[in-house]
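3D model of this:
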Amino acid sequence: MYLEFAAAPDRVRTVDLLLARGTVPLPERQGLDSISERPARVGGRPGTHTLLGQGGTATVDELRWSPVGGVEAVLVSDGVGWEDTLAIAEAVRFDRATRCATPAQVTVLPAGATLRGCRIGPALSGSATFSTVVLTIGDGTAEIEVVAGNDLARAEKSSPTPEPVDGGRAGWYPESSMLVIYDLDGLFIRIVTHPGYGRAEAELVAGGLRRPATADPDRPETWSTALIG
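Presented below is the predicted three-dimensional model:
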């Protein structure tokens, strides 16, 4: 699960929280270096506090701990400060665990690719029941993210005119290396490619996407836990 908080409207201070069964993959550090690392405790449980920055100046706190057995959490704060970062971490409450599920199944993969991850963004205030579901597929050197979203994702549609795909039912946005499916049986889908994959692989994956007949986009309990169809 992935959550992001910001001090609206300027986003000068941000907090990202990632939760996963097992081990959370190392968050993307966007050119930041590890300046120091030390043990920490969150609600009496052991963890690790890493200071990140550039040129020896720390700007980001990264805190990794296990809020409950078998589940790991990583909290990354920018411009918040250590005391507030720790307070936020200690306020995290673990309610329940469930298998990742999706309203859209991937049935075709690029050669050599496998499913490498799944994460769900929970509902935001004023939105539908979920913000995004992200399926990550790849071969270990390149990745594609299949993002199923609600109106929040629909509002993020890139402004430049896309190159039409499938008779205009989808569009390729070269600036973002992204293919957008405007309506997959009621779902808005973005297929984001990363270096190593491009439009051809995005169209391949798009051609094999399907929404199971029993999957209601607004009712996650109806989604399939079989992520690859």
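
make it CA atoms for all contacts and neighbour counts henceforth
Will do.

Downstream of the helix or strand bottoming out on mean pLDDT in the chain, the next helix or strand is which one?
Least confident helix or strand of the chain, by mean pLDDT, DSSP states H and E, is helix 151-154 with a mean of 45. Once helix 151-154 ends, the next helix or strand along the chain (criterion: DSSP states H and E) is strand 163-165.

neighbouring strands for that next one, and are they parallel or not?
Partners of strand 163-165 in the sheet, by DSSP bridges, are strand 170-173 (antiparallel).

Measure how far the strand it pairs with is from the centre of its chain, please.
Taking C-alpha atoms, centre = their mean, to the nearest Å, one finds the center of strand 170-173 at 21 Å from the center of the full chain.

Packing partners of the helix or strand that comes right after that strand?
Next along the chain after strand 170-173, taking DSSP H and E as the criterion, comes strand 178-184. When contacts are defined as 3 or more C-alpha pairs under 8 Å, 6 or more residues apart in numbering; DSSP states H and E, strand 178-184 packs onto strand 170-173, strand 187-193, helix 199-207.

winner for burial among these?
strand 187-193 (a mean of 23; mean count of other C-alpha atoms under 10 Å).

for the chain, which spans come out with low pLDDT?
Applying pLDDT under 70 to the chain picks out residues 1-13, 20-31, 96-98, 122-131, 150-160.

Now the lengthiest strand in the chain - C-alpha only, PDB.
The single longest strand within the chain, with elements called by DSSP state E, is strand 57-68. The C-alpha coordinates for strand 57-68 follow below in PDB (Å, rounded to 0.1, in the frame of the first residue of the first chain):
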ATOM      1  CA  THR A  57      23.200  18.300   3.600                       C
ATOM      2  CA  ALA A  58      20.400  16.200   5.000                       C
ATOM      3  CA  THR A  59      16.900  17.000   3.700                       C
ATOM      4  CA  VAL A  60      15.000  13.700   3.900                       C
ATOM      5  CA  ASP A  61      14.300  11.200   6.700                       C
ATOM      6  CA  GLU A  62      13.700   7.600   5.700                       C
ATOM      7  CA  LEU A  63      12.300   5.400   8.500                       C
ATOM      8  CA  ARG A  64      11.900   1.600   8.100                       C
ATOM      9  CA  TRP A  65      10.300  -0.600  10.700                       C
ATOM     10  CA  SER A  66       7.800  -3.500  11.100                       C
ATOM     11  CA  PRO A  67       4.500  -2.300  12.700                       C
ATOM     12  CA  VAL A  68       3.300  -5.900  13.100                       C
END
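
Give me the packing partners of that strand, helices and strands only.
strand 33-42, strand 45-54, strand 71-78.
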